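Peer 1: quick one: sequence plus predicted model below, questions after.
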Amino acid sequence: MKRTHNCGQLRKEDVGQTVTLAGWVDRRRDHGGVIFVDLRDKYGKTQIVFNPDYNADVLKTAEQLRNEYVIYVTGKVYAREEGNTNEKLATGEIEVKADKLEILNAALTSPLAINDPNEECKENDDLRLQYRYLDLRRPWIQKKLLLKSRFLKAVYDFFYANGFENIETPCLCKSTPEGARDYLVPSRVNPGKFYALPQSPQQYKQLLMIAGMDRYFQIAKCFRDEDLRADRQPEFTQIDVEMSFVNQDEVMEMFDKFVTEVLGKVWNFEPPRHIRRMKWAEAMLKYGSDKPDLRFDLEIHDVSEIGAKSNFGVFKNCVAAGGKIRGIAAKGCVDFTRKQIDELTAYVGKYGSKGLVWMRVKENDEVETQVGKFFTTEQLNELRDAVGAKCGDMMFFIAGPEKGSPRSEEA
């Protein structure tokens, strides 16, 4: 039962060949006695044709086929007729007319919509986990798994090319209290004693550096018995790296190179030659985070001088007391409802803000706000220009005391 090709491999140059394919029935269509099947594997899809004029016996077997049947097909490759090609498929210019068909495994009606191109799951997570083997057949999930596989290969290739050694560290270790609680594994042969699962390979990689390994990397599994966060779960994977005899700039240059080469290769785009660097203080001031995502273009702007000139007491009094007024432009959010604005106001209140001032940029760049009577037209226009807002944007402003930074401006 050897395949000659996979389901994403055949092209117009293969017309005339006799081939053997195996896979899952993605779709079955009966067009008046001629049955068309889209045969699927992880590489793609190929259209199989069961035609009574070509092989009537095989057609009788094909009448049993339903979605998710696993089949084995041998046939000849033909070019599709003009007008019947499918540009969405890599194999869309050809089809295979079946000479032989073997049903390897029948299937009941799937409780999950496997061939639905929509990436939004319509089923609840309990059902998806119950039928995880079916869930994992979905093309968009397989695409993500294969993308991670290609990414990890590129990671290995990069580090090997730059003189790093891949060294595994143990997963059963002595507890070393750090920032999070350890998961514990009881030892059967040592009653009453436990192993801990590593939060990270911290001590092991330090041992490797002291031992003279010089450059080490590992795709490491880490375990932390802590509350869930947006970017953290109990078990996660990290790329762990150590280098000896280097300074800060050399480490950063290596990882600039890593990001541009690996991401550019995996996602097939032209990466920037240089990755922008900024000081910690600048990142916190402009983006409110020490790891800002610059794709969102939500820079925080200081508008204290403009606010101090207005007759709006909240702004004037804040600046007079040594505080600051800062604002952002929310692109394309001019139609935010009152409910949405109230939700945002409640959200910033969790972080100590006493309120949120909003302004809309309407047609002709006119600024509309509930506190407009306290500002001149020129001052409203200055606020608009200061945060970079355009027609169709919302502006949000917060006034508060200037808090001291625990880190230096040079950090």
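Peer 2: Perfect, I can see it now.
Peer 1: what's the distance between the residue lying closest to residue 69 once chain neighbours are set aside and residue 2?
Peer 2: Leaving aside its chain neighbours, residue 69 sits nearest to residue 25 (4.6 Å; criterion: Cβ to Cβ, 6 or more residues apart in numbering). The way it works is simple: take the backbone N, C-alpha and C, and place the C-beta from them, glycine included. Spatial separation of residue 25 from residue 2 under the definition Cβ to Cβ, to the nearest Å is 20 Å.
Peer 1: the helix or strand harbouring residue 27 pairs with which strands?
Peer 2: Secondary structure assignment for residue 27, by DSSP states H and E: strand 18-31. Strand 18-31 has the following sheet partners, assigned by DSSP bridges: strand 34-41 (antiparallel), strand 70-79 (antiparallel).
Peer 1: could you single out the most deeply buried of those?
Peer 2: Mean neighbour counts were taken over the strands paired with strand 18-31 using mean count of other Cβ atoms under 10 Å, and the top value, a mean of 21, falls to strand 34-41.
Peer 1: which strands border the next helix or strand after that one, and is each parallel or antiparallel?
Peer 2: Of the helices and strands lying after strand 34-41 in sequence (DSSP H and E), the nearest is strand 44-50. For strand 44-50, the paired strands and their directions (DSSP bridges) are strand 34-41 (antiparallel), strand 94-105 (parallel).
Peer 1: residue ranges with poor pLDDT in the protein?
Peer 2: Applying pLDDT under 70 to the predicted model, the residue ranges of the chain that meet it are 1, 403-411.
Peer 1: quick check: longest helix of it.
Peer 2: Using DSSP state H to define each element, the chain has its longest helix at helix 139-161.
Peer 1: what is the orientation angle of it with strand 18-31?
Peer 2: Using axes from the mean of the first three to the mean of the last three Cα atoms, to 10 degrees, the inter-axis angle of helix 139-161 relative to strand 18-31 is 150 degrees.
Peer 1: if we can go back for a sec, which among the strands paired with strand 44-50 is found nearest to residue 173?
Peer 2: strand 34-41 (40.7 Å; Cβ to Cβ).
Peer 1: what ranges do the strands span in the stretch 251-400 of the chain?
Peer 2: If you assign secondary structure with DSSP state E, counting those that start in this stretch, the strands in the stretch 251-400 of the chain sit at 301-302, 324-330, 357-361, 367-369, 394-400.
Peer 1: list just the one of those strands that sits closest to residue 94.
Peer 2: In this view, the strands of the stretch 251-400 of the chain are compared for proximity to residue 94 by Cβ to Cβ, and strand 324-330 is the closest at 49.5 Å.
Peer 1: run a quick neighbour tally on the closest residue to residue 315 other than its chain neighbours.
Peer 2: Of all residues not flanking residue 315 in the chain, residue 307 sits nearest, at 3.4 Å (Cβ to Cβ, 6+ apart). Residue crowding around residue 307 was assessed by other Cβ atoms under 10 Å; the count is 28.
Peer 1: how many residues are close by the nearest residue to residue 259 once chain neighbours are set aside?
Peer 2: On the basis of Cβ to Cβ, 6+ apart, the spatially nearest residue to residue 259 that is not a chain neighbour turns out to be residue 275, at 6.3 Å. Other residues within reach of residue 275, judged by other Cβ under 10 Å, total 13.
Peer 1: now swap in residue 226 and tell me
Peer 2: Residue 226 has 13 nearby residues by other Cβ under 10 Å.
Peer 1: and what about it, helix, strand or coil?
Peer 2: Under the three-state scheme (DSSP: H, G, I helix; E, B strand; the rest coil), residue 226 adopts coil.
Peer 1: now for the helix or strand following the longest helix of the chain, which elements pack on it?
Peer 2: Sequence order places strand 165-166 as the next helix or strand after helix 139-161, per DSSP H and E. Where contact means 3 or more Cβ pairs under 8 Å, 6 or more residues apart in numbering; DSSP states H and E, strand 165-166 is packed against helix 139-161, strand 215-223.
Peer 1: circling back to that earlier point, relative to residue 291, which of the strands of the stretch 251-400 of the chain is closest?
Peer 2: For those, proximity to residue 291 was assessed by Cβ to Cβ; strand 324-330 is nearest, at 17.7 Å.
Peer 1: neighbouring strands for that closest one, and are they parallel or not?
Peer 2: Sheet pairing here is set by DSSP bridges, and for strand 324-330 it gives strand 301-302 (antiparallel), strand 394-400 (antiparallel).
Peer 1: most packed of those?
Peer 2: Looking across those, the stretch whose mean neighbour count is highest under mean count of other Cβ under 10 Å is strand 394-400, at a mean of 22.
Peer 1: nearest to residue 342 among the strands paired with strand 44-50 would be which one?
Peer 2: Nearest to residue 342 among the strands paired with strand 44-50 is strand 34-41 (48.1 Å), distances taken as Cβ to Cβ.
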